[in-house]
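Peer 1: please find the sequence and the predicted model below.
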Amino acid sequence: MFVGFHHARFDALAQIWNDCLPDGYAISPDILKANSVDCPVFDWGASVIDIDDDAKPLGFVVVKRSAAKLYHGPDPDQAHLSAVVCPKPKMAVEMLAFVKQNLKDRGSYKIVFGQDIRHFFAGCPSDVASLRDLLMIEGFEQGGKYYDVQQDLSAYKPDEKALHKLKEPEVQVKPIGHDQLPQFESFMKAEFPGRWTYDTAAKVKAESGCSFVYGLWVKKDMKGFALTQDEKHKFPISGAVFGKGLGAKWCTLGPIGVAKDTRGQGLGDALLTGALMGMKRAGKRNCLIDWTVLTDWYGKHGFKIYRTYMPFSLKLDEVELESDVLEF
Ligand SMILES: CC(C)(COP(=O)(O)OP(=O)(O)OC[C@H]1O[C@@H](n2cnc3c(N)ncnc32)[C@H](O)[C@@H]1OP(=O)(O)O)[C@@H](O)C(=O)NCCC(=O)NCCS
């Protein structure tokens, strides 16, 4: 029987997740809750839990709405399949039939796997073949690839050219102080409006501070930022949701960005180098950068491909749906 997430017991759901997915994707009940029902675009109507006669959860699907109400840009009629977690393919197919019908009835025309606000996945991870097979059977179309890259900072060697840049008197890379928060917020709105502004503001609020964001200053102007996370964070986002799988003293970096008028002068290299050196000095070990295509750039700084994601999406107006869909 299907029930909604009002009935969710997150300890039991996290257990199913951890049993169904490879160890590197292990999550806690708190992270599952934070990135599902506590997300402002969690879709209470389309997300579903399959339970047995004793009300024991067997599998579940997390659906999120478009982020269009949070910031300008996303397509309002596009939904996100944030996660499909269950041990049996037949159960997954039944849950997805419910999800597809529900979304189609409410005017969604497209479902994207992952890439949601407070996402778990940038696409289907290449090492979860059962999920890839399910999405393909369900008619989802595959797009290009995204990557997570990773390196152990204990062996990190900073790039010489970037070190040189960091020595220039007018260039500075350092954690953003509380008094610099208004400058950071204006910089984000001007340079990276949309998701990155929303994500960083939510993160700064949740962590009650901003010292985990490295700023790049050229003279007195903020010209770049790099968000970092580690195991002490209360509100892990993006790659940090799977931080535990990286071992003790893990950390993440990203998003990272440099002002448009400043790109191509070696300052992106300097910013990345400054942030990585800061994390290495703080004793951090495995560092993950999630959801990127810039593998050559990060490769130059010692990162190696750690995960590959295949984006998948489904046009709902092009699929035939069964009319006798289960209700709850
Ligand atoms: C990526 C970014 C931070 C690089 O900053 P930058 O100041 O332009 O970079 P630099 O001048 O230090 O260039 C460093 C090197 O990276 C390369 N590079 C820069 N942007 C690149 C891109 N988008 N794709 C591939 N390589 C890139 C440069 O060619 C240069 O290589 P070289 O040393 O062999 O000449 C900047 O382009 C940016 O903010 N982009 C938009 C946000 C973004 O994509 N962030 C990364 C998300 S994962």
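Peer 2: Structure received.

Peer 1: what's the first-to-last distance across stretch 124-142?
Peer 2: 9 Å (CA to CA, to the nearest Å).

Peer 1: mind listing what's buried in it?
Peer 2: 124-125, 128, 131-132, 134-135, 138, 140 (16 or more other CB atoms under 10 Å). All C-beta atoms are positioned from the backbone trio N, CA, C, and that covers glycine.

Peer 1: do stretch 81-95 as well
Peer 2: Neighbour count says stretch 81-95 has 81-86, 91-92, 94-95 buried, by 16+ other CB under 10 Å.

Peer 1: which ones among those residues map onto helices?
Peer 2: Among the buried residues of stretch 81-95, the ones falling in helices (DSSP state H) are 91-92, 94-95.

Peer 1: now flag whichever of those is closest to residue 209.
Peer 2: residue 95 (39.4 Å; CB to CB).

Peer 1: that closest one and residue 85 touch, don't they?
Peer 2: No - look at residue 95 against residue 85 with CB atoms under 8 Å: they stay out of range, at 9.6 Å.

Peer 1: what's the overlap in contacts for these two?
Peer 2: Taking CB atoms under 8 Å, 6 or more residues apart in numbering as the criterion, residue 95 and residue 85 both touch 59-61.

Peer 1: ok so, going back, and of the ones in helices among the buried residues of stretch 81-95, the nearest to residue 266?
Peer 2: Among these, residue 92 lies closest to residue 266 (CB to CB), at 48.0 Å.

Peer 1: ok, now which ones touch the closest one?
Peer 2: Applying CB under 8 Å, 6+ apart, one finds that residue 92 lies in contact with 59, 61, 84, 86, 134.

Peer 1: do residue 81 as well
Peer 2: By CB under 8 Å, 6+ apart, the neighbours of residue 81 are 61-63, 96, 99, 111-114.

Peer 1: pLDDT score for it?
Peer 2: On the pLDDT scale, residue 81 is placed at 98.

Peer 1: who does it bridge with?
Peer 2: On the basis of DSSP bridges, residue 81 is bridged to residue 63, residue 113.

Peer 1: shift numbering so it begins at 9
Peer 2: In the new numbering, first residue 9, that becomes residue 89.

Peer 1: that one and the ligand: what is the separation?
Peer 2: 23 Å (CB to the nearest ligand atom, to the nearest Å).

Peer 1: what about stretch 176-190, average pLDDT?
Peer 2: 97.

Peer 1: show me which residues of the stretch 209-336 of the chain sit near the ligand.
Peer 2: 262-266, 271-277, 300, 302, 304-305 (CB under 6 Å from any ligand atom).

Peer 1: out of those, list just those in strands.
Peer 2: Residues of those located in strands (DSSP state E): 262-266, 300.

Peer 1: farthest-separated two in the residues you listed?
Peer 2: Of all pairs in those, the most separated under CB to CB is 266 and 300 at 14.8 Å.

Peer 1: quick one on the thing from earlier: closest to the ligand out of the contacts of residue 89?
Peer 2: residue 122 (15.8 Å; CB to the nearest ligand atom).

Peer 1: contacting residues around residue 154?
Peer 2: By CB under 8 Å, 6+ apart, the neighbours of residue 154 are 130-131, 299-301, 316-317, 319.

Peer 1: how far away is it from the ligand?
Peer 2: Residue 154 is 9 Å from the ligand, by CB to the nearest ligand atom.

Peer 1: repeat for residue 229
Peer 2: Residue 229 sits 14 Å away from the ligand, going by CB to the nearest ligand atom.

Peer 1: now for that residue, how many residues are close by?
Peer 2: Using other CB atoms under 10 Å, residue 229 is surrounded by 13 other residues.

Peer 1: and the residue of the stretch 209-336 of the chain nearest the ligand?
Peer 2: residue 276 (2.0 Å).

Peer 1: does that residue touch residue 282 like I think?
Peer 2: No - if you go by CB under 8 Å, residue 276 and residue 282 don't touch, sitting 10.8 Å apart.

Peer 1: and those two? which has more neighbours close in?
Peer 2: Remark: of residue 276 and residue 282, residue 282 carries more neighbours, 25 against 22, as counted by other CB under 10 Å.

Peer 1: sec struct for the more buried one, please.
Peer 2: What DSSP: H, G, I helix; E, B strand; the rest coil gives for residue 282 is helix.

Peer 1: hmm, it is touching residue 173, no?
Peer 2: No - between residue 282 and residue 173 there is no contact under CB under 8 Å: 9.2 Å.

Peer 1: cheers, nothing more for now.
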